[in-house]
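Trainee: the sequence and its predicted three-dimensional model are supplied below.
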Amino acid sequence: MLYYFTLLCCNSKKTVVKLYTKVVFLLQRGAIHISIIEVQNLSKVYTQSVSKGNQKGLLKKLMSEKSEVHAVNDISFSIEQGETVGYIGPNGAGKSTTIKMLAGILVPTAGKLTVDGMVPWKDRKQYAEKIGVVFGQRSQLWWDLPISDTYNLYRHMYKIPGSEFNSRIDQLKKLLDLSEFWNRPVRQLSLGQRMRGELGAALLHKPKLLFLDEPTIGMDVIVKEAIRNFIKDINNEYGTTIILTTHDLDEVERTCSRVIVINKGTKIYDGTMEALKSRCRAESVLSVEFDSNIDNEAFAGLKVVEKGGNKASFAFLRREKGAGQVLDKLSNLNIRDIVIKEPPIEDVIREFYI
Amino acid sequence: MGYIYYFTMRLRTVVKYKTDTIFRIIRALISFFTQIYLWKALYGSNQVVAGVTIAEMMTYVVVSRFIGSVTSIRLSRDIEDRVKSGEIATDLIRPMDIRLLFASRSIGDSLASLLLDGIPVILFCIIYLGGIMAPATIQHFALFLVSTVMAIIVNISLELLIGTMAFWYMNAGKLNMFVYSLSALFSGGVVPLWFLPSWLGSIAYALPLQAIKFIPLQIYLGRVSIAGSIESIAVQAAWALGLMLIQSLLWSKILKKIVLFGG
C-alpha cells in the first residue's frame, strides 16, 4: 500500500495534488466528518461508604458498607469538530461527571474516551493546552485581584507570546465588554461580569474545545442572552467545539445544534432539538399580553394555565404545532406581546418514555 | 515562568489588605515580646542555664522567629479547602504540574510572612535589643543559609504530604492540627531541644520537625562543627527526599481514584 503510494507520489505529482485539493475541498464543505471526541461505553462509578448503626469515628469507618453510585453508565457518543452540543439532564444526572472526565480531571471507571487523539486524564498536561473549561459554580479568577492579573498568569501558564496575547486581549475585551471592569478586583464584580471574565480566561489560549458546565446558572435574562450570543460567536468565528451542560432547554435551543439528554447516568436522547421537541409530550407555555382585559369566553377550547388582567398563559404541545393553533384562536384579539417558555427538563424526561 | 508568576500573585494577594498587614505585624511583635520576656524571667539573675547563655537564648529566639516566618505556610489547609470546595478542578485543568504549582504557592506565602512576620521582628530587635549574636563563623553562616533553604523544602514536602491525604481522608485538618501541636514541642522552634529530657529529645531527633527549625538554629549558633553542620544538612535532604517519595506513592494512587466534589 505504502509502496504504491510512494510510487504514485514520484510518478504523478499532478494526481497527488488533485487528490489533496479534493480532500481539502471536501473537508471545507463538511462532506467529510472528523470526530474530535470519541466516547465509548463510558462509565463512572463512585464508591461511597454508608455507615450502619451509630458507631462513631474509626469504628464507623471500619463497620461501614461500601455502596456504589453509577454516576455515568455506559454512555457512547462522538462529537465532530466545530459542533455545539448541549448536554442536558436534571440535577444529578451525571452531566458534571461527564464534563470532568472530558476535561481530564476525573478518571473513568470503564470505557474508552479519546479527545483529539489523546486520553484526557493520561496526557493531562499537554491536553490542558487544547481545552478551555468554565465551571459555572466555581471561579478560576483570583478573588482579590483584577482579571487582568489572572489573565497575565494564564498567559505565562499557557506560554502565550506577548504580541499574540495582546491581540487576543483586545478581541476578548471587545467581545465580552471587559474594559469596564478590567482593573477592578474580582470580588467587586457582579455575577454577570464575573462570568464574562471566566469565559475570557477560558479562551485566552485559543482552545480547540470549550467545556461549559452550567455557565448561566443564577443569571438574569439579559446576561444569559449576552453569554449565549457570545458562545455562538465563538463557535462561528473560531470553529471551537463547544459542549455545554445545563438543565435549561431554552439555553440549548438558542446555542446548540445538537442535544444529548442524559438521565440517571444513561443517555436517553441524542439528536437535533427539533426532533426532540417532536417526540416530546411535555407542554410548552405560550404567554400572551393583550391590549386590554379579555373575558374568559374568548379562550374557549384553549388550555389556560394562568390568567390575570390583560395577560394569559396557554399550554400547548410542540409536536402538534400547538403554538400556531393557540394563536389562530386568538387571532381576532389585539396581541401586544408573546413569550414562549419551554418545559423544564424534568418534565421532558418524564414524558419521554411514554 | 508560570510557576514564578503564580508565586508573585500569591504574594500580592497576601499583602493586599492594609489593615490585615498592620495587624499581622503587631501580632508578630507581641508574640515575639512574650517569648523574649518569658525567657528573661526564667533566667532571672542567672547568666547561664544548662550551658546556654542568656545572649545565646535571645539570639535563639530571634533566629527562630526568622526561620518560623519562612516556614509558616498553609499549604495543607489550602489543598484541603480546594479539594472540599472543588476548586482544585480549576488547578487541574492547567498545563502545569500541580505539585510544583502548590510549591510555588507556598514560596509566595513564605516570602509574605518573611516580609510581615520575620523582618519586623528582626528590625525591632536591632533597634530595641541592640542586635543579636553574630553567627559563630562565616562558614557557619553560609551553611545556616543553605540549611534554611533545606528547611523550607522539608516543610513544603511535609505540608504537601498532609495535604495529599485530604484527597481520600476528608478531615486532613485534624491531622494538620496534630502535626502543628507536635511541632510546637519537637521542632525546637519554641523550646530548644537541649532543654528537653533525653527521652523526649530522642523522639524529637527521630522526627522530621527538627529538620525544619532546630537544625538551622544549631548551625547559626555554632553548636555543631562545620562537619557536623554538613551532616545535619544531609539529614534534612534525606527527610525531604523521604517525604517526597511517600507523597509520590500516595499521589499516583490518588490520581486514579480522585474524586472531585460539588456535583
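Mentor: Looks like it came in fine.
Trainee: please enumerate the helices of the stretch 51-200 of chain A.
Mentor: A:57-63, A:95-102, A:124-128, A:147-157, A:162-176, A:191-203 (DSSP state H, counting those that start in this stretch).
Trainee: can you show me the CA trace of stretch B:112-119 as PDB?
Mentor: Provided in PDB are the C-alpha atoms of stretch B:112-119 (Å, rounded to 0.1, in the frame of the first residue of the first chain):
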ATOM      1  CA  ALA B 112       4.900  37.200  52.500                       C
ATOM      2  CA  SER B 113       5.400  36.000  56.100                       C
ATOM      3  CA  LEU B 114       9.100  36.900  56.000                       C
ATOM      4  CA  LEU B 115       8.000  40.400  55.000                       C
ATOM      5  CA  LEU B 116       5.300  40.700  57.600                       C
ATOM      6  CA  ASP B 117       6.400  38.500  60.500                       C
ATOM      7  CA  GLY B 118      10.100  38.000  60.100                       C
ATOM      8  CA  ILE B 119      11.600  41.300  59.100                       C
END
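Trainee: what mean pLDDT does that stretch get?
Mentor: Average pLDDT, stretch B:112-119: 90.
Trainee: which residues are contacting that stretch?
Mentor: The contact list for stretch B:112-119 (CB atoms under 8 Å, 6 or more residues apart in numbering or on different chains) reads B:10-11, B:14-15, B:21, B:24-25, B:28, B:65-66, B:68-70, B:72-73. (C-beta placed from N, C-alpha, C; glycine too.)
Trainee: center of the chain - which residue?
Mentor: This is for chain A. A:Leu244 (0.9 Å; CA atoms, centre = their mean).
Trainee: um, chain B though
Mentor: Geometric centre of chain B, nearest residue: B:Thr71, 2.3 Å, by CA atoms, centre = their mean.
Trainee: phi, psi of it?
Mentor: Main-chain torsions, B:Thr71, degrees, to the nearest 10: phi -110, psi 10.
Trainee: what sits against the residue lying closest to it once chain neighbours are set aside?
Mentor: In space, and not counting its chain neighbours, B:Thr71 is closest to B:Asn155: 4.3 Å by CB to CB, 6 or more residues apart in numbering or on different chains. Going by CB under 8 Å, 6+ apart, B:Asn155 touches B:71, B:73, B:106, B:212.
Trainee: can you tell me the SS state at B:Asn155?
Mentor: Under DSSP: H, G, I helix; E, B strand; the rest coil, the three-state class of B:Asn155 is helix.
Trainee: ok, back up a step: drop anything exposed from the contacts of B:Asn155.
Mentor: Buried by 16 or more other CB atoms under 10 Å in any protein chain shown: B:71, B:73, B:106, B:212, out of the contacts of B:Asn155.
Trainee: local confidence estimate at the residue of the stretch 101-250 of chain B found nearest chain A?
Mentor: Per CB to the nearest CB, B:Leu101 is where the stretch 101-250 of chain B lies closest to chain A, at 8.9 Å. On the pLDDT scale, B:Leu101 is placed at 91.
Trainee: hang on, it packs against B:Leu92?
Mentor: No - under the criterion of CB atoms under 8 Å, B:Leu101 is not in contact with B:Leu92, lying 9.7 Å apart.
Trainee: who has more neighbours out of these two?
Mentor: B:Leu92 (23 against 17; other CB atoms under 10 Å in any protein chain shown).
Trainee: need the contact list for that one.
Mentor: When contacts are counted by CB under 8 Å, 6+ apart, B:Leu92 touches A:104-105, A:124, B:98.
Trainee: switch to 6 Å and redo it
Mentor: A:Ile105 (CB atoms under 6 Å, 6 or more residues apart in numbering or on different chains).
Trainee: for it, give me phi and psi.
Mentor: With angles defined as degrees, to the nearest 10, B:Leu92 sits at phi -80, psi -20.
Trainee: repeat for B:Thr137
Mentor: Per degrees, to the nearest 10, the backbone of B:Thr137 is at phi -140, psi 170.
Trainee: could you report the neighbour count for it?
Mentor: Going by other CB under 10 Å, the residues that sit close to B:Thr137 add up to 11.
Trainee: ok, for it, nearest residue in space, not its chain neighbours?
Mentor: B:Thr137's closest residue in space is B:Gly222 (CB to CB, 6+ apart), at 6.7 Å.
Trainee: now do the SS call for the one you found.
Mentor: Strictly by three-state DSSP, B:Gly222 counts as coil.
Trainee: okay, it and A:Met219: tell me how far apart.
Mentor: 65 Å (CB to CB, to the nearest Å).
Trainee: got it, and B:Thr90?
Mentor: Counting by CB to CB, the separation of B:Thr90 from A:Met219 is 20 Å.
Trainee: same check, this time on B:Ala237
Mentor: Applying CB to CB to B:Ala237 and A:Met219 gives a distance of 53 Å.
Trainee: which stretches of the chain form strands?
Mentor: Using chain A here. Along chain A, counting by DSSP state E, strands occupy A:35-50, A:65-80, A:84-88, A:110-115, A:131-135, A:209-213, A:241-246, A:258-263, A:266-271, A:284-290, A:304-308, A:311-316, A:335-341.
Trainee: correction: the question concerned chain B.
Mentor: Taking DSSP E as the criterion, chain B contains strands spanning B:48-49, B:52-53.
Trainee: what strands flank the first one, and is each parallel or antiparallel?
Mentor: This means strand B:48-49. Paired with strand B:48-49 in the same sheet, following DSSP bridges, are strand B:52-53 (antiparallel).
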